[in-house]
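Participant: structure for this input, please:
(chains A, B and C)
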Amino acid sequence: MKLNEKVSRYLEKIPKSKLNAFISINKNAEKDAEKIQRKIDTNAAGRLAGYVLAIKDNIAVSGMRLTCASKMLENYVSPYDATVVKRIIAEDGLIIGKTNMDEFACGASGETSYFGATLNPSDEKRVPGGSSSGSAAVVAAGLCDVSLGSDTGGSIRCPSSFCGVLGFKPTYGTVSRYGLVDMAMSLDQIGPITKTVSDAALVLSVINGSDGMDNTAIKTKEDYTKFAKQKITGIKIGVVGEFFDGCDHNVEKNVRDGVEILKSEGAKIVDVSVPKTPIAVPAYYLNMFAEFSSAMQKFDGLKYGFRKEGKDLNDTVAESRSSLGEEVKRRILLGTYITMKEFRGKWYSTALKARESIRHEMRAALKKCDLLAGPTMPFTAFKLGDKIKDPVEMYLSDILTVSANLSGLPAASVPLEVKGMPVGMQLHADTGSDGKILFAAAAYERASK
Amino acid sequence: MDKPTIKKVAEVARLNLTDEEISDFSKDFDGILEQFSKLHKEKFGEGDAEEKAAILRKDGTQLDNAVAEKIMDNAPNKENNLYKVPKGSK
Amino acid sequence: MKGVKIGLEIHEQLDTKSKLFCACPTDYREAEPNKSICPVCTGQPGSKPFGVNEKAVNAVIKIAMALNCKIVTNRPVQIRRKHYIYPDLPSGYQRTSEPIGTEGELNNVQIHEVHLEEDPGRFFLREGFVDLNRSGTPLIEITTEPVFDSPQHAREWLEKLASVLAYLDVTKKEEGTMRIDANISLNNGSKVEIKNINSFRNVEKALAFEITRQEDLLRRGLIVDRETRHFDEKMILTSPSRKKETEEDYRHMPDPDIPPLLIKKELAEKTKETLPELPQSKAKRFVKQYQLSGQNAENMVSDPYTADVFENVAKTVDPVIASNWFVGQLKKTLNYNSMTLRDSKITEKQLASLLKLVERQKITERAAELTLREMVLRPEEPAKIIENLGLLEFGDLNTIVKEILDKNEKAVNDYKTGRKEAFEYLVGQVMKITKGSADPETIRKALKRGAELK
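Facilitator: Residues are numbered from 1 along each chain as shown, chains lettered A, B, ... in the order given. You can find the predicted model right below:
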């Protein structure tokens, strides 16, 4: 099939979807497709030629809206391209649209979007997970080939687990964040959401590599496609006991079966422990709140975004900022609170120490094995509205994903072959060993089919 | 968290909150902070601090006029290419 | 003044082509509003700081060294976010480094610390306009200990500091780039901070006003509030800033987007070797090498350009005579025209030839001064100016004209009533004294001007 035909089919299918997974569609998609097809026909095309990508709407694509699913940025048109977008376009990837998400990535369910919740393609009464809700849903529903999400505490892996697709969060610093709207700068990382391991490896190969526009993107560019073909014989996989505490029985069983499949493919299985897992959620949320409140300072309604005139300058700023959604405000307030003079000693300083100690434990566990395995989420996708009224419960659902971000480690949610709602198996590797996750995931993919 | 504290935090964070929001957040925050106070019972021994150094950049200029123009296109209000905002006081 | 304690915070722009965290030019003075901007310096969603401008970091190290600071090489120097929301600050926080130099000293004033930060944009608050061209320009901030005991002391020291900065040649040369915050307390009372003063004179004026105000409060048994005030240049008074107290909690946080600066000992040592001779040591050398008075030497070294020109002139002219002219007539003339020696474009050669004439007493001091006035405006060889002005090697035309006019009151009155022959008589008298060496037309002009003044 020619690329323009493929794009036309997607463009027909997208408006019929009830998932509410896209916020904007690229108006030039068909023209772009023709251009790329011409390159394909003359053998002059890049590595992503033929691929149709969706981009989470917190990543800048020049000339398209960059809303972060917020009223604040409803009409903001990005003046520039994110580094990942530049790299995708340079390799002839076609961007079809921008996907729905939790507002400013604040949410684990996809329900906090100003444009309404995204629905789970496996069951439209259930949440797709968040915050990259749209990016996981569009891949699962076949509304594009692959997508990009961003992951601060599980935002790629959680919806990938709930929707049954592969979500990959690379080592912090592997992919440039230039053009990714900040949630928590020291935790954020862009990564691919795909149906296959080879697609994930290809997209990662295109977008990774150091960037002068992001001081923290310092890893030398690598080609990950070779990893998807390696055997896992001799690889040591540590099953983390704490990761199954409080986990749904059904999820536990499926994940343990998944580990068995890896074993039958030649991996060695060992038991390891990360005793600090129960404090991962507070350590994560406190660090994230602090950074998030700092990142959100720029939304003042003066230079761009929603403005509501108030009685004076200060009031105009406060009125404009008050257009932000409830969860966003909650996090700004908590982040402000824990970094204020009177309270920072008690909260923020403790959170920084807790983060270091979790990083220490995770890396110590990874000295005993190549990969850590466990569930991505303690349960499968819950019903819309079930947790949205209870922030504590919503936060606790991130317990298994946040440690990777706190530690800067790569982690992926690998979709398991299950009956019923999708379940993801999470694999962690040591920093820079992203490739190991890919070849374990590829081994599972081959064995389970 | 009591209401005066929330009001003070909201002022620092530059958010105008309704009375309803203040009482809702007040309840929320107590629950959240109680959950997070787990941290205070922990002892933190060894930590892994990351060692990274800032990248230094050679002093050279690059300017994309088209991007500068698009940046100004997003201004909610402008006059003679200056952002127009409410007047200030010293 | 008893019990007065003043501390200063000086902000000066560093001389770099590009901004601190992005590649936009620092040409905000010439550029049209909001043209030298990019996603980074306007805080667009998703933008991140690029690498730190190396030239700016090196400039701060150099200045810290010249101020005899200890350079922080034993621990990482974090770039931190100082949070406050204001229209000139596009990200809602200002990036400022931890101290790069500490515990310095200049002219018996202790320097607390020296660090790097970014300048905000410009907010024209009366009109409500914002121009972000300046946003992100690298600044150095120098903080002194509260050791000044009078406004005059503060101003004099600032002039010394400006002189050191001029020698280092790493800060912006344009006028008015320096901004100063001054804090002041009386008798260990509350500290009042006066923000954003734009000249040394105004620092002195603002502090003088503040002392009077606080003394008056204390005399009446009232309390001096700890607060931030602004200086009103036109009214010559300070008034309280209307910012709220809660905004003073800046919630400092290491910037997660920028790993800390690591300054190597070797870099600090290498920088020390490249430091030029600084004003203090230069003044000492001038006294020793040229037998100048301490006052003359200090005066001349305050501007590195002037000091260099002096040294070249002193190769052919007696240094003492030259220095007297440099700090006397030359300085006076330049000040009168609000110019620096560099601005005037007078060459070393021109100055040397003029001063040689003075040294050999070929022209009077008065004539030399008049020549200098002309040279400042239209630099040319002094001989040519002397000729054009009709100034003679033995005296100056105007002095002769004045003498003749004084002696011949009757002829002057006759000329004023319209008798041309009286004027011709006066011309003849002048020509007689100048022995025909002066141009008759010049004599006529000088006489007409002189007569009208009578």
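
Participant: and the strands in the chain, which stretches?
Facilitator: Answering for chain A, as no chain was given. A:22-25, A:52-56, A:94-99, A:146-151, A:166-169, A:189-194, A:236-240, A:268-272, A:371-375, A:411-415, A:424-429 (DSSP state E).

Participant: you looked at the wrong chain, it should be chain B
Facilitator: Under DSSP E, chain B gives strands at B:56-57, B:78-79, B:82-84.

Participant: near chain A, anything from the second one?
Facilitator: The one in question is strand B:78-79. No - against chain A, strand B:78-79 shows no contacts by C-beta under 8 Å from any C-beta of the partner chain, the least distance being 9.7 Å. Placement of C-beta: from N, CA and C, glycine included.

Participant: sorry, back to before: give me whichever of the strands of chain B is most buried.
Facilitator: Highest mean neighbour count of the strands of chain B: strand B:82-84, a mean of 21 (counted as mean count of other C-beta atoms under 10 Å in any protein chain shown).

Participant: ok, residues contacting that one?
Facilitator: Residues outside strand B:82-84 that contact it (C-beta atoms under 8 Å, 6 or more residues apart in numbering or on different chains) are A:302-303, B:75, B:77-78, C:33-34, C:87, C:124, C:128-132.

Participant: out of those residues, which comes closest to C:D318?
Facilitator: C:D131 (52.6 Å; C-beta to C-beta).

Participant: residues touching the most centrally placed residue in chain B, list them.
Facilitator: Note on chain B: the residue nearest the mean C-alpha position is B:A13, at 7.2 Å, using C-alpha atoms, centre = their mean. The contact partners of B:A13, by C-beta under 8 Å, 6+ apart, come to A:S293, A:R321, A:I332, A:L333, A:T336.

Participant: mind giving me the PyMOL select for those residues, buried ones only?
Facilitator: To isolate the buried members of the contacts of B:A13 in PyMOL, using 16 or more other C-beta atoms under 10 Å in any protein chain shown:
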select buried, chain A and resi 293+321+332+333+336
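
Participant: need the contacts of B:A13 in a markdown table with distance to C:D318, can you?
Facilitator: Output for those, formatted as a markdown table (distance: C-beta to C-beta, whole Å):
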| residue | distance to C:D318 |
| --- | --- |
| A:S293 | 69 |
| A:R321 | 71 |
| A:I332 | 72 |
| A:L333 | 75 |
| A:T336 | 70 |
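
Participant: which bits of chain B sit near chain C?
Facilitator: So chain B meets chain C at B:8, B:11-12, B:14, B:52-65, B:67-68, B:71-72, B:79-90 (C-beta under 8 Å from any C-beta).

Participant: tell me the buried residues within those.
Facilitator: Buried among the residues of chain B next to chain C (16+ other C-beta under 10 Å): B:8, B:11-12, B:14, B:54-55, B:57, B:59, B:63-64, B:67-68, B:71-72, B:82-86, B:88, B:90.

Participant: returning to that earlier point: mind checking pLDDT for the residue nearest to the centre of chain B?
Facilitator: At B:A13, the model reports a pLDDT of 95.

Participant: if I look at it, how far off is A:A447?
Facilitator: Distance of B:A13 to A:A447, given as C-beta to C-beta, to the nearest Å: 51 Å.

Participant: point me to the residue of the stretch 1-150 of chain A nearest chain B.
Facilitator: A:P79 (3.4 Å; C-beta to the nearest C-beta).

Participant: distance between the ends of stretch C:141-160?
Facilitator: Terminal residues of stretch C:141-160 are spaced 16 Å apart (C-alpha to C-alpha, to the nearest Å).

Participant: how about it: buried residues?
Facilitator: Quick answer for stretch C:141-160 (16+ other C-beta under 10 Å): C:141-148, C:151, C:153-155, C:157-158, C:160.

Participant: same check, this time on stretch A:115-124
Facilitator: So, applying 16+ other C-beta under 10 Å, buried residues of stretch A:115-124: A:F115, A:A117, A:T118, A:L119, A:N120, A:P121, A:S122, A:D123.

Participant: where in chain B is pLDDT low?
Facilitator: B:46-50, B:90 (pLDDT under 70).

Participant: with respect to chain C, which of the buried residues of stretch A:115-124 is nearest?
Facilitator: Distances from chain C to these, taken by C-beta to the nearest C-beta, are shortest for A:F115, at 16.8 Å.

Participant: verify the stated contact: that closest one with A:N100.
Facilitator: Yes - counting by C-beta atoms under 8 Å, A:N100 is a contact partner of A:F115 at 6.1 Å.

Participant: find residues that contact each of the two.
Facilitator: Common neighbours of A:F115 and A:N100 (C-beta under 8 Å, 6+ apart) are A:N20, A:I23, A:A69.

Participant: quick check: end-to-end length of stretch A:38-57?
Facilitator: Stretch A:38-57 end-to-end distance (C-alpha to C-alpha) = 29 Å.

Participant: off-centre distance for that stretch?
Facilitator: Between the centre of stretch A:38-57 and the centre of its chain there are 22 Å (C-alpha atoms, centre = their mean, to the nearest Å).

Participant: so that stretch, near chain C or not?
Facilitator: No - Stretch A:38-57 is not in contact with chain C by C-beta under 8 Å from any C-beta; minimum separation 10.8 Å.
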